[in-house]
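Colleague: Provided below for reference: sequence and predicted model.
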Amino acid sequence: MNEIKATLRDSKTARWMVLILVSFTMMCAYYLTDAMAPLQERLQANLSWSASDYGFFTSGYGWFNVFLLMLVFSGMILDKMGVRFTGILSIGIMLIGAAIKYWAISGHVQGMFELNILGWQAISSSAKSSVVAGFGFAIFGVGCEMFGIAANKAVVRWFRGKEMALAIGLNTSTGRIGTALAMFTPIPLVRMTGDISAPVLLALVLLCIGMLVFILFTVMDRKLDKEDADAGVAADEEFKFADILEIGKNRAFWYITTLCVLFYSAVFPFIKYAVNLMVQKFDISDSFAGYIPALLPFGALLLTPVFGNLFDKKGKGATIMIIGSILLVCVHLLFSIPSLNSFPIAIGLVILLGIAFSMVPAAMWPSIAKIIPHSKLGTAYAMTFWVQNWGLMGVPLLIGVVLDKYCITGTITKLVDGKEQVITQYNYMIPMLIFAFFGFLAIGFALLLKAEDRKKGYGLERPNIKE
Ligand SMILES: NCCCC[C@H](N)C(=O)NCC(=O)O
């Protein structure tokens, strides 16, 4: 009888160590992604950014991923070159993007940007700093998404047949720590330093540490490769273009991917405006406002592993996604009602949103691994992220333009960091209805996914761990 040799993967300590190493960089990346969100009013006061400028800059995250198909290339690089190479490359790209963003926001870029074609103004004028910062954010976005798919694949590799959904959930949760920190640390940091770009500088330093930590992971992963080779475990198949076509033929894959773009379009872009929503709708002071949206990622950080564990042990992945999407719609509809503007309501709704934000990701990412074979997983995650990036790019821009066009209720003069500033006031009802609409469509696709799973037997409703 063949004796199956234990590998590093079979050691609980080694597996969880790997998870810690991979997740730390995720946290740094997520911190930088949202670190400008609490500074929306300060960007208006210090750099003359309108809501549209802020939306434009925020949409930068997806420009290259979407239009240059960088995410698809990232998936190919991942499946061809492996997680170690792709991880290091992605952190390098994030560092370059973050440095450009820092340079733009720290006052080196001034004036307005206009695109004139034969005397015709192609786009309305924007603050130059928002365009350059958006460019840096676009480069950063390529690295961040590339790192995301590499981290997912690394975790699946180390945890398949074990605590896979729990581990993916914990990895995502660590990212949420970064988002939570990004909600409430930037304002104190800016107050302390008097420099609006200080949070970006902090993120740059954290990313450098992230690079060192990831190098430690590569040492362990290389060891596992060697053990797998010695044990005769077949290496992953290399990327083939036919993979894209094959994945593209899978109906369940499209249901889950459409659900992904709709669901995340109602969460990540919401986070970008949430601090301002707290200040303007719920009349919460600027210095405290960030703590409330921070409850969202913080709740998700605690609950994503709980739902991941539930999925591992009891199954019900598609059902979890349906319930999460219903919760999302309820929250945004309640946010849209102007008279619901008290402090406890703000807290209650953000907590409920945190629960929805735990349920759907905890079930979604491991479900893709149940639908698509491991050798094509990098490409599959990349394709899903690519579609999702249309939302991450388009929706913040849409909300910024809608705010400037339809939601301005007036201006007030207030003290911001000791200086009198004129601040535009917005009514957030229409943006919240837009978010609710995305959630409503997401419910439909979650139902379709469940029906498809019943037909094809992917096992989304079955446990991942055989007890
Ligand atoms: N704040 C970073 C955006 C990450 C987007 C990424 N494509 C993703 O969806 N990751 C999984 C997650 O739930 O965060």
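Modeller: Alright, I've got the coordinates.

Colleague: next one, pLDDT for V422 please.
Modeller: Per-residue confidence at V422 stands at 86 (pLDDT).

Colleague: ok, S130 next?
Modeller: For S130, the predicted pLDDT is 91.

Colleague: name the helix or strand for it, please.
Modeller: Counting by DSSP states H and E, the element that carries S130 is helix 128-159.

Colleague: same question, G410
Modeller: strand 408-416.

Colleague: partner strands of that strand, with direction?
Modeller: Next to strand 408-416 in the sheet, as set by DSSP bridges, lie strand 419-426 (antiparallel).

Colleague: so what's the model's average confidence on the helix or strand just after the helix holding S130?
Modeller: Moving toward the C-terminus from helix 128-159, the next helix or strand (DSSP H and E) is helix 164-184. Averaging pLDDT along helix 164-184 gives 88.

Colleague: now swap in stretch 380-392 and tell me
Modeller: 93.

Colleague: look up how far the ligand lies from H332.
Modeller: According to C-beta to the nearest ligand atom, to the nearest Å, H332 and the ligand sit 18 Å apart. Heads up, the C-betas are built off the backbone N, CA and C, glycines and all.

Colleague: G439 is in contact with that residue, correct?
Modeller: Yes: using C-beta atoms under 8 Å, H332 is in contact with G439, at 6.0 Å.

Colleague: which parts of the protein sit against the ligand?
Modeller: By the rule C-beta under 6 Å from any ligand atom, the part of the chain lying against the ligand is 30, 33, 144-145, 148, 172, 175, 264, 268, 361, 385, 388.

Colleague: go again using 8 Å as the cut-off
Modeller: 29-30, 33-34, 61, 144-145, 148-149, 172, 175-176, 178-179, 260, 264, 268, 357, 361, 364-365, 385, 388-389, 392 (C-beta under 8 Å from any ligand atom).

Colleague: next SSE downstream of the helix or strand where P188 lies?
Modeller: Element membership of P188, judged by DSSP H and E, is helix 186-193. Using DSSP H and E, the helix or strand that follows helix 186-193 in sequence is helix 198-230.

Colleague: and that following helix, what does it pack onto?
Modeller: Judged by 3 or more C-beta pairs under 8 Å, 6 or more residues apart in numbering; DSSP states H and E, the packing partners of helix 198-230 are helix 12-34, helix 70-103, helix 128-159, helix 186-193.

Colleague: tell me the most buried of these?
Modeller: helix 128-159 (a mean of 25; mean count of other C-beta atoms under 10 Å).

Colleague: what is the distance between that one and the centre of its chain?
Modeller: Counting by C-alpha atoms, centre = their mean, to the nearest Å, helix 128-159 is centred 9 Å from the centre of its parent chain.

Colleague: that one to helix 198-230, inter-axis angle?
Modeller: 30 degrees (axes from the mean of the first three to the mean of the last three C-alpha atoms, to 10 degrees).

Colleague: what mean pLDDT does whichever strand or helix holds A45 get?
Modeller: Remark: A45 resides in helix 40-47, with elements defined by DSSP H and E. Mean pLDDT, helix 40-47: 87.

Colleague: looking at this protein, which helix or strand is least sure?
Modeller: In the chain, no helix or strand scores lower on mean pLDDT, DSSP states H and E than strand 120-127, which sits at a mean of 62.

Colleague: name the residue of the stretch 1-150 of the chain that lies nearest to the ligand.
Modeller: At 3.8 Å from the ligand, T33 is the closest residue in the stretch 1-150 of the chain, using C-beta to the nearest ligand atom.

Colleague: no wait, the stretch 151-300 of the chain
Modeller: Counting by C-beta to the nearest ligand atom, the stretch 151-300 of the chain gets nearest the ligand through T172, at 4.7 Å.

Colleague: any low-confidence regions in the stretch 351-467 of the chain?
Modeller: Within the stretch 351-467 of the chain, the segments meeting pLDDT under 70 span 466-467.

Colleague: try it again with 90
Modeller: Residues of the stretch 351-467 of the chain that meet the criterion pLDDT under 90 lie in 366, 369, 373-379, 381-382, 412-423, 464-467.

Colleague: check contacts around the nearest residue to R9 once chain neighbours are set aside.
Modeller: Nearest residue to R9, sequence neighbours excluded (C-beta to C-beta, 6 or more residues apart in numbering): W158, at 5.6 Å. Shown here is W158, whose contacts under the criterion C-beta atoms under 8 Å, 6 or more residues apart in numbering are 9, 15, 18-19, 167, 224.

Colleague: repeat that for 10 Å
Modeller: 8-9, 14-19, 22, 83, 164, 167, 217, 220-221, 224 (C-beta atoms under 10 Å, 6 or more residues apart in numbering).

Colleague: one more: A99?
Modeller: Applying C-beta under 10 Å, 6+ apart, the residues contacting A99 are 136, 139-140, 200-201, 204, 207.

Colleague: in the stretch 351-467 of the chain, which residue sits nearest the ligand?
Modeller: Closest point on the stretch 351-467 of the chain to the ligand, by C-beta to the nearest ligand atom, is P361, at 4.0 Å.

Colleague: which helix or strand contains that residue?
Modeller: helix 343-371.

Colleague: show me what that helix is packed up against.
Modeller: With contacts taken as 3 or more C-beta pairs under 10 Å, 6 or more residues apart in numbering; DSSP states H and E, helix 343-371 sits against helix 128-159, helix 164-184, helix 251-265, helix 268-280, helix 291-314, helix 317-336, helix 377-406, helix 429-456.

Colleague: now the angle from the second one to helix 317-336?
Modeller: It refers to helix 164-184. 20 degrees.

Colleague: over to the third one?
Modeller: Calculated by the same axes, to 10 degrees, helix 251-265 forms an angle of 30 degrees with helix 317-336.

Colleague: ok, now the longest one?
Modeller: Direction vectors for helix 128-159 and helix 317-336, defined by the same axes, to 10 degrees, enclose an angle of 150 degrees.

Colleague: for the residue of the stretch 1-150 of the chain closest to the ligand, give me its contacts.
Modeller: Going by C-beta under 10 Å, 6+ apart, T33 touches 58, 61, 94, 137, 140-141, 144, 175, 178-179, 182, 203, 268, 271-272, 392.
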